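Colleague: just to be clear, the model below is a prediction. Sequence and coordinates:
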Amino acid sequence: MLLSAFAGKNITPDFIKTVKEVLSKYIIFESLSENEICFKNDTSKMLVLFLKNAQNLNIPNGISVMCGCNEDIKINSKTVLFLSDNKADLKIVSNLKQNVIDLGFGRFDSITFSSINGEGAVICVQRAVKRLDGSIIEPCEIPITVNANQNRFALLSAYTILLLCSFI
């Protein structure tokens, strides 16, 4: 089973709603609670957790997404995603040895939007990143559908999880 955890004080109901909407386009809901979602497709399952006050993320084969974490958080994940303009999260990831991928809205971010307007957007992988299975995602662009009220960081992180897990 694949495991992904979103951790930090910036997890809001709108953030969770956006992540659920994106993931459910590609993976079928199996069960649902306030802070936990289980998805499945024909070949695998994914458990997604939303943890506002996590002190320890121990997901050695999965993905952690930092969303305004406390500076004393301990992270053991195969891959760590973070919003590049969050200075506190940047400080934490600078000491990590894991596969760290920066998401953001600037030209130097590993994964960003190359365009976004109305109901459409294009996610841009600007440099090669490693999937959980070890294969490489080369720079590319992925058109997506969005709506105006979706959290942009939630969109980037959910689509990046799908990419890293080979769901898209």
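Modeller: All right, it came through fine.
Colleague: my read: Arg131 touches Leu162, true?
Modeller: No. If you go by CB atoms under 8 Å, Arg131 and Leu162 don't touch, sitting 10.6 Å apart. To be clear about C-beta, it is placed using only N, CA and C from the backbone, and glycine gets the same treatment.
Colleague: what's the spacing between the residue nearest in space to the middle of the chain and Asp102?
Modeller: Nearest to the mean C-alpha position of the chain, by CA atoms, centre = their mean, lies Ser157 at 2.8 Å. According to CB to CB, to the nearest Å, Ser157 and Asp102 sit 11 Å apart.
Colleague: now Leu83
Modeller: Distance, Leu83 to Asp102, by CB to CB: 8 Å.
Colleague: swap in Phe6?
Modeller: The gap separating Phe6 from Asp102 is 16 Å, by CB to CB.
Colleague: who's more crowded, these two?
Modeller: A direct count of neighbours by other CB atoms under 10 Å for Phe6 and Asp102 places Phe6 higher, at 27 against 23.
Colleague: skipping its backbone neighbours, what lies nearest that one in space?
Modeller: In space, Phe6 comes closest to Val65 once its chain neighbours are excluded; the distance is 4.5 Å by CB to CB, 6 or more residues apart in numbering.
Colleague: ok, now Cys140?
Modeller: Val125 (5.2 Å).
Colleague: test my guess that that neighbour contacts Leu163.
Modeller: Yes. In this structure, Val125 is within contact of Leu163 by CB under 8 Å, at 7.3 Å.
Colleague: the residue nearest to Phe6 is in what secondary structure piece?
Modeller: For Val65, the host element (DSSP states H and E) is strand 56-66.
Colleague: overlap of the contact sets of Val125 and Leu163?
Modeller: The contact sets of Val125 and Leu163 overlap at Ile137, Ile142 (CB atoms under 8 Å, 6 or more residues apart in numbering).
Colleague: check the residue of the chain positioned farthest from its centre and give its pLDDT.
Modeller: The centre of the chain is farthest from one residue, Gly118, which by CA atoms, centre = their mean lies 22.3 Å away. If you check Gly118, the pLDDT there is 74.
Colleague: once you drop chain neighbours, what's closest to it?
Modeller: Counting by CB to CB, 6+ apart, Gly118 lies nearest to Ala148, which is 7.8 Å off, once chain neighbours are set aside.
Colleague: Ile123 and Pro139 touch, don't they?
Modeller: No. Taking contacts as CB under 8 Å, Ile123 lies outside contact range of Pro139: 11.5 Å.
Colleague: good, we can wrap up now.
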